[in-house]
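> The following block contains a protein sequence and its predicted model.
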Amino acid sequence: MNLPITKRATDGTDLCLFFTKIFIFSNHFNCLINIDGMDFCCSEQYYMYYKALVFEDFESAQQILSTKNAALIKRIGSRIRNFDHFKWRRVSILIMAIANWYKYRQNPELRRILFQTGQSLLVEATSRDLYWGCGVDISSPKIVEKNKWPGKNVLGIILTDIRTRLLS
């Protein structure tokens with residue numbers, strides 16, 4: 001388990017950077033999560049399972065539940081039948097927030113590490129995702145130029161908000 005990489009942005013914001021399953025803040029990080037009486041191996045599994053249910057692709061939902069490999073889960077989730085991007089965008093943030101709320105609520109060690117990030121902004125640092133991530137790779141010197149990120153860092157914002165809510 002790797003802790004996030006910390007940097008200071010050019011605007012003075014403290015950043016906690018993560019990407020890939022080796023970091024606990026990744027959706028691919030393996031940890032038991034129980035939601036509505038069902039066990040999930042990671043937040044990605046819950047997210048993709050729910051995505052399959054929304055589009056009534058029960059075969060994919062079953063495949064997602066039957067694997068514990070987050071990369072394979074993501075691949076299955078990318079091929080869900082009857083997928084409607086607009087419809088999914090309306091609920092995807094809520095589903096991601098639910099998955100991560102339970103992840104940190106139910107796992108004391110992960111919650112402790114989340115709290116140790118203090119007031120920093122959590123950042124999914126990847127150039128491959130302009131929605132969930134910030135759009136800049138974790139190793140890029142441009143990662144500290146927060147105001148120039150091409151991505152939205154939605155996952156990082158969700159995690160930062162969950163930290164605030166769990167602390168209150």
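Alright, I've got the coordinates.
> so how many other residues sit close to T13?
By other Cβ atoms under 10 Å, 15 other residues sit near T13. For glycine as for every other residue, the C-beta is placed from the backbone atoms N, C-alpha and C.
> which residues sit in contact with it?
120-121, 146 (Cβ atoms under 8 Å, 6 or more residues apart in numbering).
> shaky segments in the chain?
Low-confidence segments of the chain, defined by pLDDT under 70: 1.
> Sketch out the strands for this structure, chain order is fine.
5-8, 14-18, 33-35, 38-40, 121-124 (DSSP state E).
> Check which helices and strands the longest helix along the chain sits against.
With secondary structure taken from DSSP state H, the chain has its longest helix at helix 85-106. Packing partners of helix 85-106 (3 or more Cβ pairs under 8 Å, 6 or more residues apart in numbering; DSSP states H and E): strand 33-35, helix 43-54, helix 108-116, helix 154-167.
> the inter-axis angle of it versus helix 154-167?
Angle, helix 85-106 to helix 154-167, by axes from the mean of the first three to the mean of the last three Cα atoms, to 10 degrees: 40 degrees.
> Just give me how far helix 85-106 sits from the chain centre.
Relative to its chain's centre, helix 85-106 lies at 9 Å (Cα atoms, centre = their mean, to the nearest Å).
> Now it: buried residues?
Across helix 85-106, burial judged by 16 or more other Cβ atoms under 10 Å covers 92, 95-104.
> returning to what we had before: which one of the helices and strands packed on helix 85-106 lies nearest to I24?
Proximity of those to I24 was assessed by Cβ to Cβ; the nearest stretch is helix 108-116, lying at 5.4 Å.
> so what's the most centrally placed residue in the chain closest to, chain neighbours aside?
Among the residues of the chain, the one closest to the centroid is N27, at 4.2 Å (Cα atoms, centre = their mean). Counting by Cβ to Cβ, 6 or more residues apart in numbering, E44 is the residue found nearest to N27 once chain neighbours are left out, at 4.0 Å.
> quick one: contacts for the one you found?
27-28, 70, 73-74, 77, 99.
> Out of the residues you listed, grab the one that's most surrounded.
That'd be I73 among the contacts of E44, by other Cβ under 10 Å, with 26 neighbours.
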